[in-house]
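A.B. asks: quick one: sequence and predicted model below, then my questions.
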Protein chains: 2
Amino acid sequence: MRTLTVDLGDRSYPIYIGHGIREQKALFDDAIQGKQVMIVTNTTVAPLYLDAMVAMLSCDYKVDTCILPDGEVYKTLETYGLIMTALLNAKHNRTTTVIALGGGVVGDMAGFAAATYQRGVPFIQVPTTLLSQVDSSVGGKTGVNHPLGKNMIGAFYQPQAVIIDTQTLSTLPPRELSAGMAEVIKYGLICDAPFFDWLEQEMSDLMALENEKISDAIYRSCLAKAKVVAQDEREGGIRAILNLGHTFGHAIETEMGYGNWLHGEAVAAGSMLAIDLSWRMGNVTEQDVSRSLALFQAAGLPVLPPESMTIDSFIERMALDKKVLDGSLRLVLLASLGDAMVTSDFPMSDFTASLSDALEASAQANLA
Amino acid sequence: MRTLTVDLGDRSYPIYIGHGIREQKALFDDAIQGKQVMIVTNTTVAPLYLDAMVAMLSCDYKVDTCILPDGEVYKTLETYGLIMTALLNAKHNRTTTVIALGGGVVGDMAGFAAATYQRGVPFIQVPTTLLSQVDSSVGGKTGVNHPLGKNMIGAFYQPQAVIIDTQTLSTLPPRELSAGMAEVIKYGLICDAPFFDWLEQEMSDLMALENEKISDAIYRSCLAKAKVVAQDEREGGIRAILNLGHTFGHAIETEMGYGNWLHGEAVAAGSMLAIDLSWRMGNVTEQDVSRSLALFQAAGLPVLPPESMTIDSFIERMALDKKVLDGSLRLVLLASLGDAMVTSDFPMSDFTASLSDALEASAQANLA
C-alpha cells in the first residue's frame, strides 16, 4: 500500500492506494469519528461492493445506505436532496460519517451532502473509477450540476481520508478507464514531463491494468494534484492549471448534454485544443502536439471536438465557465510540455483558428 | 454609527450599526470585491428598500436582483435553487458579491447560495428585521430547511460585512419586533446579567423603537454573539449556549409547521421551558423565573408551548435536533441568571415535569 498526505494544515488528510484495501477496516476506523455511517453509492456500484462494506462496518457502527441512480445526468440538486432525506430519515446526527463509494458523481454529491448536512459532517472517499481516483476524490471539490452549467453549485470540503482500491478498476468499463487516463496524461502535460515520457512507454500495460504500474500512475497523479492543492486550496491561482482542457471540455459536455461525452473524453479533446493553441503561440513544438495526440489516442480517447459544435457555441459556453473572471476568458495553456500556465493573454485569432481547424478536422473525420 | 468586529482570523468581518446606514455606499464599496452584485430580497422588503439600493450601487456595479417569496415556508432547497438560477441566468462569475437584503430567511438562503455558488462567492448581510440583526446575520450560519427538520441543510460561511440599519425596524410588524426581542433577552439570560437588568428597565422604550436605546440593545447583542462565535466558529462547544430555548423551540416550530409560530416566539416559550428546568435543578430562583417570564411578556412574547403538543411530540422532535450528539439529548440550561451551560446531565423526571406543567398551563390558559 502506498500512502501520501494532502497537506492542508488542520484539514490535512491521507490518501491510501493499494490492491484490495477497501477491505482494510482499520483505514476506515481511523477516519470515522462517531457511531453512525451513511454509505452513498449508486445502482451500478452497489451490487459489486456495497454488501461487503456494510458487513465489514456493521459490527462497530450503525450503517445506513443511500443508493443513487447512476450517471452524470443525475448529478443534480434533486439527487443531492435524496441523500439529505436518507440522512434525516435514518436520524443521522452531526457526528455521522458519510462514505462515498463510487465514481466522481457519487463522490461529488456525497461530498457536497457531507459539506452541507447540518452544516458539515466528516466524510471518506472510496473512489471506484480511475477518473475519481486520480482527480475528483482528491482536493475537496464537491458539488452538483445546474441545467445552466456544470459544477456551478458546490463547496470546497476536504474528506477525512481517501481510500483508493485499484482492484475496483477491474470492473470498470473500458470507456471509463480511458476517460480516467485523460486526467493521468494531464498531470504529465501540466507539471511532470518525465511522467509524460513514462506514460508513453507504459500506456499499453496501464490500459491492461498491470497492477504495480497502475498503482504507480495513480500515486504519481495524486501526488501532483496534492502538491498543487496544498499550494492553493480554493483555486485562487496555481490550482487552475489542473483545469487544462477543462474550459473547452466543459463547453463540449454542456453542449452535448451531460453524460453523452464522458468528462475525461471532453478533457482529452479540450486539452488538444489548448495544446494546439499553445503551439500556435510558439510555446510547444509540432512534435509535442503529435506526441500528445498519440498518447491520448493510445489511451482510447477522442482528440477532436464534436463536429456538431461551432466556434460560437464554444464561446457562448465558455463565457459561463467558472474560470471566467470579470468577463475576460482565462485559459490553461502550456508554457512547454510539462509546464502549464493560466493566462488571458492569447491572440483571439489563434484561439479561433484552433477551434476552426479542429472542427473542420472533426467534420472530415466523420465524412471519412 | 457603532462598529464592532467579529474576530475570526482571515474570516474576520465588521458589523456596522446605525440609523439610515443602508444608504452609505462606502460601506458597501469596502466589502464588494468584483464588478457584479446580486441583491437577494423578498416580495415584502423589495417595495420598501430595493430600488434605492439598486440605484445607489448601479453607478459602479452590474447589479441584478432576485426577489423571493416571503416566509419561512419558502426556506427550501427549491427556493435556494431559484437564487442559483438567477445568478447563472445573469452570468455571474465567481467574483460576484451576493447582498442579502431582508430578514433571517433571506439572509440564511442568500448566505447559503453565496457559500455554494461556484463553491463560494463573497456576500454582505443587510438584515432588516430585529431577529436577523441580533442573531442570524452574525456568526456565519447559513442554510435552508428540510421537511424533516429545520436548518438541516447548510454551511458555515462568513459574510464580508454586516450592515445593520435600525431605520428598517420602523416598517417591521409588531409581532416580528417581539420575535426579535426574544433573542435580545436571550443574550441577557445566557451571558450578561447587567444587560438583563437594563432590558427590564428599558423594554417599553425598546418596543417603541427609541432610537439610541434600540441601537444599544442591538450593539450589545451582536457583541455578545460575536464574542461567543469568535471562540467557537463551528459550534463544537461554547457556541451552543446561543441555543437557549432553541431545542424546545425547534420542536414547537417543526410540530406547528414552519411559519405558524415565529422563530422568536418559539424561542421565548422554549427558553421558559429551559429556565423552568433550571429552576427545578436548583440553578435559578423562583424570582429569576418570574422575572424572565415578565420580561418576555413585556416584549409581547408567548411563554407557554402550544397546548396541542404533548410530551411525546416534544421528545420525538427534539431527538432529531442538531444538538443531539450520538443519541444523548443535550440542552442549554442556566447555571444562574446570566450564565448558561450545555449539558446532558439533567433528571429526566424534571425534564418531563417542566413539559407537563407547561402544557397543562397552556391548556388552562386556552380554556380561560
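C.D. replies: Noted; the coordinates are in hand.
A.B. asks: C-alpha only now, for contacts and for neighbours.
C.D. replies: OK.
A.B. asks: flag every residue of chain A that's near chain B.
C.D. replies: Counting by C-alpha under 8 Å from any C-alpha of the partner chain, chain A comes close to chain B at A:34-35, A:77, A:81, A:84-85, A:88-89, A:91, A:93-95, A:115-120, A:141-143, A:146, A:148-149, A:151-156, A:320-322, A:324-326.
A.B. asks: list only buried entries from the residues you listed.
C.D. replies: A:34-35, A:77, A:81, A:84-85, A:88, A:91, A:93-95, A:115-120, A:141-143, A:146, A:149, A:151-156, A:320-322, A:324-325 (16 or more other C-alpha atoms under 10 Å in any protein chain shown).
A.B. asks: in strands, which of these appear?
C.D. replies: The members of these that map onto strands under DSSP state E are A:141-143, A:146, A:149, A:151-156.
A.B. asks: so which residues of chain A form strands?
C.D. replies: Using DSSP E, strands in chain A cover A:2-6, A:13-18, A:36-42, A:62-68, A:97-102, A:123-127, A:141-146, A:149-156, A:161-165, A:331-336, A:339-343.
A.B. asks: can you put the ones you listed in CSV and add mean pLDDT?
C.D. replies: Output for the strands of chain A, formatted as CSV (pLDDT from 0 to 100):
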stretch, mean pLDDT
strand A:2-6, 95
strand A:13-18, 96
strand A:36-42, 98
strand A:62-68, 98
strand A:97-102, 98
strand A:123-127, 98
strand A:141-146, 96
strand A:149-156, 92
strand A:161-165, 97
strand A:331-336, 96
strand A:339-343, 95
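A.B. asks: is it possible to get CSV of these that adds distance to A:Ala193?
C.D. replies: Shown next, in CSV, are the strands of chain A (distance: least, C-alpha to C-alpha, whole Å):
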stretch, distance to A:Ala193
strand A:2-6, 21
strand A:13-18, 23
strand A:36-42, 36
strand A:62-68, 39
strand A:97-102, 30
strand A:123-127, 26
strand A:141-146, 26
strand A:149-156, 29
strand A:161-165, 25
strand A:331-336, 9
strand A:339-343, 8
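A.B. asks: now the one residue in the stretch 151-300 of chain A that gets nearest to chain B. Nearest residue, chain neighbours left out?
C.D. replies: In the stretch 151-300 of chain A, the residue that lies nearest chain B is A:Ala155 (4.1 Å; C-alpha to the nearest C-alpha). Leaving aside its sequence neighbours, A:Ala155 sits nearest to B:Arg119 (C-alpha to C-alpha, 6 or more residues apart in numbering or on different chains; 4.1 Å).
A.B. asks: report the separation between the residue nearest to A:Gly154 when sequence neighbours are not counted and A:Ala114.
C.D. replies: Leaving out its chain neighbours, the residue that sits closest to A:Gly154 by C-alpha to C-alpha, 6+ apart is A:Gly143, at 3.6 Å. Distance, A:Gly143 to A:Ala114, by C-alpha to C-alpha, to the nearest Å: 10 Å.
A.B. asks: so what sits against both of these two?
C.D. replies: Counting by C-alpha atoms under 8 Å, 6 or more residues apart in numbering or on different chains, A:Gly143 and A:Ala114 have no contacts in common.
A.B. asks: where in the stretch 151-300 of chain A is pLDDT low?
C.D. replies: A:258-259 (pLDDT under 70).
A.B. asks: where along it do the helices fall?
C.D. replies: A:174-191, A:193-207, A:211-231, A:246-256, A:263-280, A:286-298 (DSSP state H, counting those that start in this stretch).
A.B. asks: could you check the angle helix A:286-298 makes with the first one?
C.D. replies: With axes from the mean of the first three to the mean of the last three C-alpha atoms, to 10 degrees as the criterion, the two stretches helix A:174-191 and helix A:286-298 enclose an angle of 150 degrees.
A.B. asks: what is helix A:174-191 packed up against?
C.D. replies: helix A:130-131, helix A:193-207, helix A:211-231, helix A:263-280, helix A:286-298, strand A:339-343 (3 or more C-alpha pairs under 8 Å, 6 or more residues apart in numbering or on different chains; DSSP states H and E).
A.B. asks: 7 Å - rerun?
C.D. replies: Packed against helix A:174-191 by the contact rule (3 or more C-alpha pairs under 7 Å, 6 or more residues apart in numbering or on different chains; DSSP states H and E) you find helix A:130-131, helix A:193-207, helix A:211-231, helix A:263-280, strand A:339-343.
A.B. asks: what residues sit buried inside the second one?
C.D. replies: Of the residues in helix A:193-207, those buried by neighbour count under the rule 16+ other C-alpha under 10 Å are A:193, A:195-196, A:199-200, A:202-203, A:206-207.
A.B. asks: of those residues, closest to A:Ala335?
C.D. replies: Distance to A:Ala335, by C-alpha to C-alpha, is smallest for A:Ala193 among the buried residues of helix A:193-207, at 12.2 Å.
A.B. asks: so who does that closest one touch?
C.D. replies: Residues near A:Ala193 by C-alpha atoms under 7 Å, 6 or more residues apart in numbering or on different chains: A:337-338.
A.B. asks: count of residues packed around the closest residue in space to A:Met56 that isn't next to it in sequence?
C.D. replies: Excluding its sequence neighbours, the residue lying closest to A:Met56 (C-alpha to C-alpha, 6+ apart) is A:Lys25, at 6.9 Å. Per other C-alpha atoms under 10 Å in any protein chain shown, the neighbour tally for A:Lys25 reads 12.
A.B. asks: per the record, what domains does chain A have?
C.D. replies: Following automatic domain parsing, one finds the domains of chain A at A:2-171, A:198-367.
A.B. asks: returning to that earlier point: any idea which of the helices of the stretch 151-300 of chain A is most buried?
C.D. replies: Neighbour counts (mean count of other C-alpha atoms under 10 Å in any protein chain shown) averaged over each of the helices of the stretch 151-300 of chain A peak at helix A:263-280, with a mean of 27.
A.B. asks: give me the helices and strands touching that helix, please.
C.D. replies: Taking 3+ C-alpha pairs under 7 Å, 6+ apart as the contact cut, helix A:263-280 packs with helix A:174-191, helix A:246-256, helix A:286-298, strand A:331-336, helix A:348-367.
A.B. asks: for B:Leu50, find the nearest of these.
C.D. replies: helix A:246-256 (34.4 Å).
A.B. asks: run through who's touching the closest one.
C.D. replies: If you take C-alpha under 7 Å, 6+ apart as the criterion, helix A:246-256 is touched by A:149, A:261, A:263, A:266-267, A:269-270, A:314, A:317-318, A:321.
A.B. asks: farthest-apart pair in those residues, please.
C.D. replies: A:Gly149 and A:Ala269 (19.0 Å).
A.B. asks: around A:Ser328, how many other residues sit close by?
C.D. replies: 12.
A.B. asks: what's the closest non-adjacent residue to it?
C.D. replies: Leaving aside its chain neighbours, A:Ser328 sits nearest to A:Ser344 (6.7 Å; criterion: C-alpha to C-alpha, 6+ apart).
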